[in-house]
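Peer 1: Here you go, sequence then predicted model.
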Amino acid sequence: MHRAVIDHRSAEFAKLGSEILENLRPIFQTTGPVVIYPASGTGAWEAAIVNTLSPGDRVLMFETGHFSQLWQQLAERFGLRVDYVPGNWRSGVSAAEVASRLADDDRHTYKAVMVVHNETSTGVTSGIAEIRQAMNRSHHPALLMVDTISSLGSIDYRHDEWEVDVTVAGSQKGLMLPPGLSFNAISQKALAANKSAKLPRSYWDWQEMLGPNRNGYFPTTPATTLLYGLKEALAMLQEEGLNHVFRRHDRHAQATRAAVRTWGLEIVCEDPREYSSAVTAVFMPQGHDADRLRSIILENFDMSLGAGLSKLAGKVFRIGHLGSFNDLMLAGTLSGVEMGLRLAGVPHQAGGVTAALQSLAPVETPASAGR
Ligand SMILES: Cc1ncc(COP(=O)(O)O)c(C=O)c1O
């Protein structure tokens, strides 16, 4: 990324831009357009809303954790009427709940269903395929918008197959880049909604983007150095193969859970079908402060764990295992946590790291080797 910034109106830039815009599509598992904004993920949340909806539109959202709450607040600031289905921050969106809410809406007042795929604050995923099936079964025309900020490129996600209308993503997680780029993958139905959507927009307007994008250009000054990095990130994901990338994160998440269980600590996610392969959130035992543990680990081992956010502050720490991550990095991470638990005097059983290593490199018995 540390290369000279080329002229963004040059033929050389157009080649870079076209290549990236094309190679991004398979990461979202779409053949449709993906737009890139120089912005953090929040920008792409806003873009999804202002490009498809009108003031006063009713939308359905679900309380899965800190990030669903922030997206809800953003939607309300735009004058949308949000029905925010309460949740306990330990489970994902229930497809049955989606079905029942939509069944009650026979006049089709909901214009969008908005879901966070991987709730980064809790390590809980929501079943987007099941939510789409529930929407289709109720023949409801609402758009489906999905936040994949912490799942894209780490957890299997299929924009086209799951008929998602707007996918929201960011650069700083599975794409392994610094913060600063965000994305909307856009369905044909969302493009049609864009034509009649009345929310004011200028910088975020898809049409402003899509025109110049056809030739590999951007309407404003692009974040060229981040695009250099994105080009390489896409090449890395393609080289490894997306399925392999997903399996790698699944293995790391499984090994992390083996460690957590051995320590005798509780995983925030209640339902094994909703475990996140990108991040594992862990409850501290009663009376022990997660932030004290985090600062002991930071001071002693120079390792920064994720904090508990908003109502989970001090109660939870989070182990990230997304992006460019391998077995040895995970082993080091879990060793840091186990040593930190010891130093902080947090009651736990030793042996979590050993359980994780066993999960990563299971000993083959003669019987299993022959299979
Ligand atoms: C699931 C999710 N949504 C939205 C955001 C907000 O993105 P940003 O902080 O890049 O604006 C984050 C940030 O971590 C996130 O994890």
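Peer 2: Done, it's in. Numbering: from 1, shown residues only.
Peer 1: And the residue of the chain found nearest the ligand, how far from residue 105?
Peer 2: Using CB to the nearest ligand atom, the closest approach of the chain to the ligand is made by residue 41 at 2.8 Å. Where C-beta positions appear, they are placed from N, C-alpha and C, glycine not excepted. Noted for residue 41: a distance of 29 Å to residue 105, by CB to CB, to the nearest Å.
Peer 1: Of these two, give the one with the bigger neighbour count.
Peer 2: residue 41 (26 against 16; other CB atoms under 10 Å).
Peer 1: can I assume that one is in contact with residue 182?
Peer 2: Yes: shown here, residue 41 and residue 182 form a contact pair, counting by CB atoms under 8 Å, at 5.1 Å.
Peer 1: Give the residues shared as contacts by the two.
Peer 2: 168-170 (CB atoms under 8 Å, 6 or more residues apart in numbering).
Peer 1: Of those, just say which sits nearest to residue 137.
Peer 2: Among the shared contacts of residue 41 and residue 182, residue 168 lies closest to residue 137 (CB to CB), at 24.7 Å.
Peer 1: Adding pLDDT and secondary structure, write the shared contacts of residue 41 and residue 182 out as JSON lines.
Peer 2: Shown next, in JSON lines, are the shared contacts of residue 41 and residue 182 (pLDDT from 0 to 100; DSSP: H, G, I helix; E, B strand; the rest coil):
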{"residue": "168", "pLDDT": "99", "secondary structure": "strand"}
{"residue": "169", "pLDDT": "98", "secondary structure": "strand"}
{"residue": "170", "pLDDT": "98", "secondary structure": "strand"}
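Peer 1: Check those one by one and keep those near the ligand.
Peer 2: Among those, the residues that sit close to the ligand (CB under 6 Å from any ligand atom) are residue 170.
Peer 1: ok, back up a step: per-residue pLDDT of the residue of the chain closest to the ligand, please?
Peer 2: Reported pLDDT at residue 41 in the predicted model: 98.
Peer 1: so what's it closest to, chain neighbours aside?
Peer 2: In space, and not counting its chain neighbours, residue 41 is closest to residue 170: 3.4 Å by CB to CB, 6 or more residues apart in numbering.
Peer 1: Residue 319 now?
Peer 2: Among residues not flanking residue 319 along the chain, residue 280 sits closest, at 4.8 Å (CB to CB, 6+ apart).
Peer 1: Show me what the host helix or strand of that neighbour pairs with in its sheet, parallel or antiparallel.
Peer 2: Using DSSP states H and E, residue 280 sits within strand 279-283. For strand 279-283, the paired strands and their directions (DSSP bridges) read strand 266-267 (antiparallel), strand 316-320 (antiparallel).
Peer 1: what's it in contact with?
Peer 2: So strand 279-283 is contacted by 118, 120-124, 150, 253, 256-257, 260, 265-269, 306, 308, 312, 315-322 (CB under 8 Å, 6+ apart).
Peer 1: With stretch 305-315 instead?
Peer 2: In contact with stretch 305-315 (CB under 8 Å, 6+ apart) are residues 65-66, 69, 89, 120-122, 268, 279, 281, 283-284, 289-291, 293-294, 297-298, 316-320, 337.
Peer 1: Buried ones only from these, please, as a PyMOL command.
Peer 2: To isolate in PyMOL the members of the contacts of stretch 305-315 that are buried, counting by 16 or more other CB atoms under 10 Å, one can use:
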select buried, resi 65+66+69+89+120+121+122+268+279+281+283+284+289+290+291+293+294+297+316+317+318+319+320+337
